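# With the input below, show me the fold.
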Amino acid sequence: MSLSSLLSQPSALLVVDMQNDFCHPQGGFAKRGVQLSPPVNELVDNLDQLIAGARAWQVPIFFIRMENGVWTDSPSWRQRVKVGPSAQELPTCAEGSWGAEFHGVAPTSDDRLIVKHRYSAFVDTELDLCLRALEVRTLVVAGVVTNVCVESTARDAFMKDYFVVTAADCCAANSQQEHDAALFTLDRYFGSVASSEDILRNWKEVEKREAVNQGN
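Numbering: from 1, shown residues only. From the prediction side, this is the model:
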């Protein structure tokens, strides 16, 4: 299916984990020596435009936020990243912390906030219910990191029979290699990959067509 056809269907934008611990130069990732690729400033600039376009064309926006804490962190989950002798050191996106706050972009009262405790935004959250209530069929996915939470969310979206478009220049990973590999996999097996420019252009064309149809 062409990008135009995908974005002609009822769509929503998922903004995944744009949080201080992942993106800020003083966040948890940076303290571990991780630098996202492509650079965060490029990601934020592109994503800001994509969000503005979604708002202009009344595409629902879901801001996804990772939160970790004693009530949700299982032993296996705590072991996923080890820093120093204890997996408890340098916690990432601890509930209620500065690190869990949004970076570069943020929801408004018109957007929906989804709090998750695992990589995928669909695991034990109300995301699917909200999307079905809005009769959304196509999801545009953006954020960090490309090969973990973005890819996990996109994969689960596909498994739940949504059409998926990953905004390539609105994502970043721990390395360019991981970023590129994830986009390749997502494009080949779980949906489509497109630039924010192409997505915005197609949303604008959809709006024009709907305006013409309403005038007839």
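# pLDDT weak spots in this protein?
Along the chain, the model assigns pLDDT under 70 to residues 81-90, 210-216.
# mind listing what's buried in the helix or strand containing Ile51?
Ile51 belongs to helix 40-56 when assigned by DSSP states H and E. Neighbour counts over helix 40-56 (16 or more other Cβ atoms under 10 Å) mark 40, 43-44, 46-47, 49-51, 53-54 as buried. Where C-beta positions appear, they are placed from N, C-alpha and C, glycine not excepted.
# and it, what does it pack onto?
Helix 40-56 sits against strand 11-16, helix 20-23, strand 61-66, strand 138-144, strand 163-172, helix 196-215, with contacts defined as 3 or more Cβ pairs under 8 Å, 6 or more residues apart in numbering; DSSP states H and E.
# what about dumping the CA coordinates of the fifth one to PDB?
The reference is to strand 163-172. C-alpha atoms of strand 163-172 as PDB (Å, rounded to 0.1, in the frame of the first residue of the first chain):
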ATOM      1  CA  PHE A 163      -0.800  -0.100   9.500                       C
ATOM      2  CA  VAL A 164       2.500   1.300  10.700                       C
ATOM      3  CA  VAL A 165       4.700   4.100   9.300                       C
ATOM      4  CA  THR A 166       7.900   4.800  11.100                       C
ATOM      5  CA  ALA A 167       9.200   8.400  10.800                       C
ATOM      6  CA  ALA A 168      12.800   7.700  10.000                       C
ATOM      7  CA  ASP A 169      14.300  11.100  10.700                       C
ATOM      8  CA  CYS A 170      12.200  11.500  13.900                       C
ATOM      9  CA  CYS A 171      14.000   8.500  15.600                       C
ATOM     10  CA  ALA A 172      17.400   7.800  17.000                       C
END
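# which of the buried residues of helix 40-56 lies closest to Val123?
Nearest to Val123 among these: Leu47, at 23.0 Å, using Cβ to Cβ.
# pretty sure the closest one contacts Val16?
No. The pair Leu47 / Val16 is not scored as a contact, 10.3 Å apart, by Cβ atoms under 8 Å.
# Can you work out which residues contact both of the two?
Taking Cβ atoms under 8 Å, 6 or more residues apart in numbering as the criterion, Leu47 and Val16 both touch 142-143.
# tell me which element the nearest residue to Ile51 once chain neighbours are set aside is part of?
The spatial neighbour of Ile51 that comes closest, neighbours along the chain excluded (Cβ to Cβ, 6 or more residues apart in numbering), is Val105 at 5.9 Å. For Val105, there is no host helix or strand (DSSP H and E).
# Turn the helices and strands packed on helix 40-56 into a markdown table, columns for distance to Ser5 and mean neighbour count.
As requested, these are exported to a markdown table (distance: least, Cβ to Cβ, whole Å; neighbours: other Cβ atoms under 10 Å):
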| stretch | distance to Ser5 | mean neighbour count |
| --- | --- | --- |
| strand 11-16 | 11 | 26 |
| helix 20-23 | 33 | 25 |
| strand 61-66 | 22 | 22 |
| strand 138-144 | 9 | 27 |
| strand 163-172 | 9 | 26 |
| helix 196-215 | 9 | 15 |
